[in-house]
Structure formats: structure tokens, C-alpha cells
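Trainee: I'd like to go over a predicted model; first the sequence, then the structure.
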Amino acid sequence: MTPVEAPVAPATLDAVAALAELACIGRDDARGGWSRHLLDEADGEMRAWFARTAAALGLAVETDANANQWATWAPDGATGPAVGTGSHLDSVPGGGPLDGPLGVVSALAAVSRLMAEGHAASRPVRIANFAEEEGARFGVPCLGSQLLAGDIDTHRVRALTDGSGASVAEVLTSAGLDPEAIGRDDARLADLALYLELHVEQGRQLAPLGVPVGVATGILAHGRWRVTVTGRGDHAGATELGSRRDPMLVAAAVIRAARNRAAGANPATRARATVGKLQVVPGGSNAIASEVRLWLDARAEHDADVHDLVARILSDAEAVAREEGCEVAVAEESFSTRVEFDATLTDLVDSALGGVPRIPTGAGHDAGILAAHLPTAMIFVRNPDGVSHSPLEGASDADIRAGVDALADALRALT
Ligand code: GLV
Ligand code: MN
Ligand code: MN
């Protein structure tokens, strides 16, 4: 008698184990945490992991002209535009393990589960790893999704440079991509019916509610401004106080005003402003600086609130610059308008999850960029301390698995 072989269930991806694999890539011993920036060595390893893991699950993997990676599940009978999901695998400098990777890994895990259970999807699912979501290398966040959506000038993008002077065009070329091909991708956009991104919660709204997942309502308007203060480099010991033109005093005024002006704004605007990056030229401990560059991140409920906040901060800085004989030049590096996620899609996801809290966020996401072009929604996974953009960011293994369950439930309902 011929032995009957038991059917072999397709392998499913365990999200917790996958995140442990990724934790070995891009560790930053100097800053702590992880640093993975567009197409650098660590990002290359993350991208290779994505391609290898998705292919092993039987998904079709490709990289689009804008350096975004896609893994597609299109089972027999699945037709029409796809359900998009995923997130990003790059990080802020010295970031946490989950901002980005949790969404990509959960998407792969959820799709592998649907495949294993033989779910008869009516439409394909496409999992994205969006390029340069954090904007940590070239200064502009959500670069891959903005390019895909045609929201950013391609000439400007090609010329953006990183800290070492390498341009986007050069970096894309070294990675085998054609810098002339970047920009709005109508075919790919039209092939996405909707986009649902899972992300670790940034902030602490779910923990007090005692629930592992929630859905997003919207994203604060936000932007980044590069402020260059020019003074006169001089000797720290030999220069009389009255004859100094010290740009550090103006930088300090920007930093102080960022806090004071945000704290003094109408609380209903949920204003916040931060200086997290500063470059001092020449940077000698016994020299008055000749120039200071700093980056102001400002966020608030409405676009006009952000512009008002930034204007007030800069006006405070200008007053100090006048006293000190310094000049201030300001360049807007990015601006993301306020986002409200699609109400119908959010209701669908919420009901697939059995009714969960709805929470706003102050963090930017590719889902926010795509929201202007197709229905988008987000699922957040509880972050016990609320900390993010830091090595302290976390979620429990149980909550990570609850997030995968939620995403699988939502994708099952949406396909
Ligand atoms: C991205 O995470 C941002 O909000 O800056
Ligand atoms: Mn982030
Ligand atoms: Mn993110």
C-alpha cells in the first residue's frame, strides 16, 4: 500500500522571531539602537532580508523605480487593484527596533498566515517596504512614497545630498537604480485599492486603556526647517564679550523658543517643536563658532498652526541675532499637511478588529502621504512606555502577536 503523505502546510512567518533576526542588522554601537539609512550597508541588509524572506514565503518581489520594495501575493482568483500594506525598514539615527520593521514584518506574517489557511483572497495583497521614510539620510521624510505619489519635485530629489555630500542620484546609481526614472508611478498607484499600515504606537495612549491595538484617526501637520546662523569665528579667550558675533547664542534662542512657543500655544492646537540636530562649524572647544546649522521640527493640529508656531520661534531667534550681529537663513526641508484617515476604511478595519480605540498621532507615516491619493488607514500596536525614535522603544511579544492577528483579520476582511 502506498503511504498517504500528510499535506505540508506552507510555512508561516513568526513576527517575533523575524524581528529578532532584524535586530542583528544595523546596530549602532556609538549612538545605541539601530541606524539604517537609505541604501547604506545596513539598509541594504534589511532590503536583502525583505527580498529573501518574502521570496521564501512564495511572494513575488520587486523594487520600483523609486527604491520602494514590494512583495505581492496574488493567489488564483485574486483580481483588480491590490490591498497595500507594509511600512519601512529604515530608521532614525540610533532608533528603536520597531518603528518601521514592525509593520513590514507583521504584513509578511499576516499574509503568510492567510496563505497557510488557504484564504481565497478576492484581490492581491502587496507588501511595501517604503524607501527613506525617516528622511534620516537626505532630510526629506517619506521620500519613497512621496516620489511614488508624485508629491515632490524629482529634480530637487536627485540633487539632495547626505552628510558626506553624496547625492540621491549618485546613491541610486550605485544601487543599480536609474535616477532619471524616479517620480510619480501612475500604474503602481492605480494598482493599489487601499493601503493599511501597521505601526508601533508612538506615544502612550493604548496602555492606559488596557488594549493591545488601536486604529488611527489622523496625523498632525508637521514639517522640518533648516536654520543656518552665521556669525564670526574667533578666539574663545582673546575675544572681548562686546565684540563677539556668536551664532551659538542664536541657536540657543531657537531651542528655547521651540519649547516656549509650543508650550504657550493654544492647547487645542497640540503644538510641539523640537531641535534634535545641530552642527557647529568649526566645532572647536576653544573657538567661537562661525556658523551653526540646526533643524527645527514643528508639528500641530492644522497646517496654519504649524506655520504660526514656526514664525514665532524664528522671530524670537531674529531678535537675538540682531543683538549678536548674526544672520539667520531658513529653508523649509519638508512639510506634510494634516491627515485624516479614510473613515470608511477605518470603520471596516475597526469592525474586523471587533471595535478598538481610535487614537491620533503626532508621527508621520507613508500612509499619511498615500492618504491624499487612495483610502488609507493605520493600526497601532501598544507601546508600554510610549517611547519611540529611541532604543527604548518597545512592545511585548504578546502585543506583537496581537498586532499580527489584527492585521490578518483586517486583510482577511478586505480581501
Ligand atoms: C517619522 O517618524 C516622523 O514622524 O518624523
Ligand atoms: Mn519614525
Ligand atoms: Mn515609522
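Mentor: Everything's here; your move. On a predicted model such as this, the values are computed, not experimentally measured, just so you know. Ligands and ions are numbered 1, 2, ... in the order given.

Trainee: Near D385, how many other residues are there?
Mentor: Residues within reach of D385, counting by other CB atoms under 10 Å, total 12. All C-beta spots, glycine's among them, are computed from the backbone N, C-alpha and C.

Trainee: Would you confirm that it contacts L392?
Mentor: Yes. In this structure, D385 is within contact of L392 by CB atoms under 8 Å, at 6.6 Å.

Trainee: buried stuff in stretch 320-337?
Mentor: V320, A321, E324, C326, V328, E333, S334, S336 (16 or more other CB atoms under 10 Å).

Trainee: Revised request: answer the last question for stretch 53-71.
Mentor: Residues of stretch 53-71 classed as buried by neighbour count (16+ other CB under 10 Å): 53-54, 57, 59, 61, 63-71.

Trainee: now, which of those residues lie within helices?
Mentor: Of these, the ones assigned to helices by DSSP state H are T53, A54.

Trainee: The buried residues of stretch 53-71 in strands, which ones?
Mentor: Among the buried residues of stretch 53-71, DSSP state E puts V61, T63, Q69, W70, A71 in strands.

Trainee: what bridges to the last one?
Mentor: When assigned by DSSP bridges, A71 has beta-bridge partners V61, I127.

Trainee: distance of it from ligand 1?
Mentor: 22 Å (CB to the nearest ligand atom, to the nearest Å).

Trainee: so that residue makes contact with V61?
Mentor: Yes. Counting by CB under 8 Å, V61 is a contact partner of A71 at 5.0 Å.

Trainee: quick one: which of the buried residues of stretch 320-337 is nearest ligand 3?
Mentor: Using CB to the ion, S336 is the member of the buried residues of stretch 320-337 that lies nearest ligand 3, at 12.9 Å.

Trainee: Can I get the buried residues of stretch 320-337 in TSV including secondary structure, pLDDT and distance to A262?
Mentor: Listed next are these as TSV, based on DSSP: H, G, I helix; E, B strand; the rest coil; pLDDT from 0 to 100; distance: CB to CB, whole Å:
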residue	secondary structure	pLDDT	distance to A262
V320	helix	98	18
A321	helix	98	20
E324	helix	98	23
C326	coil	98	23
V328	strand	98	19
E333	strand	96	19
S334	strand	97	18
S336	strand	97	17
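
Trainee: residue boundaries of the helices in the stretch 301-415 of the chain?
Mentor: Shown for the stretch 301-415 of the chain, the helices assigned by DSSP state H, counting those that start in this stretch span residues 303-324, 343-352, 366-370, 397-414.

Trainee: before we move on, the earlier item: which one among the buried residues of stretch 320-337 gets closest to D303?
Mentor: Within the buried residues of stretch 320-337, the smallest distance to D303 is 9.2 Å, found for S336 (CB to CB).

Trainee: show me where pLDDT drops low in the chain?
Mentor: 1-10 (pLDDT under 70).

Trainee: excluding its backbone neighbours, what's nearest A257?
Mentor: D316 (3.8 Å; CB to CB, 6 or more residues apart in numbering).

Trainee: got the residues of the chain near ligand 3?
Mentor: Residues of the chain lying near ligand 3 by CB under 5 Å from the ion: D99, G100.

Trainee: So which residues on the chain come close to ligand 1?
Mentor: Proximity of the chain to ligand 1 (CB under 6 Å from any ligand atom) is limited to residues E134, P141, A363, G364.

Trainee: change it to 5 Å
Mentor: A363, G364 (CB under 5 Å from any ligand atom).
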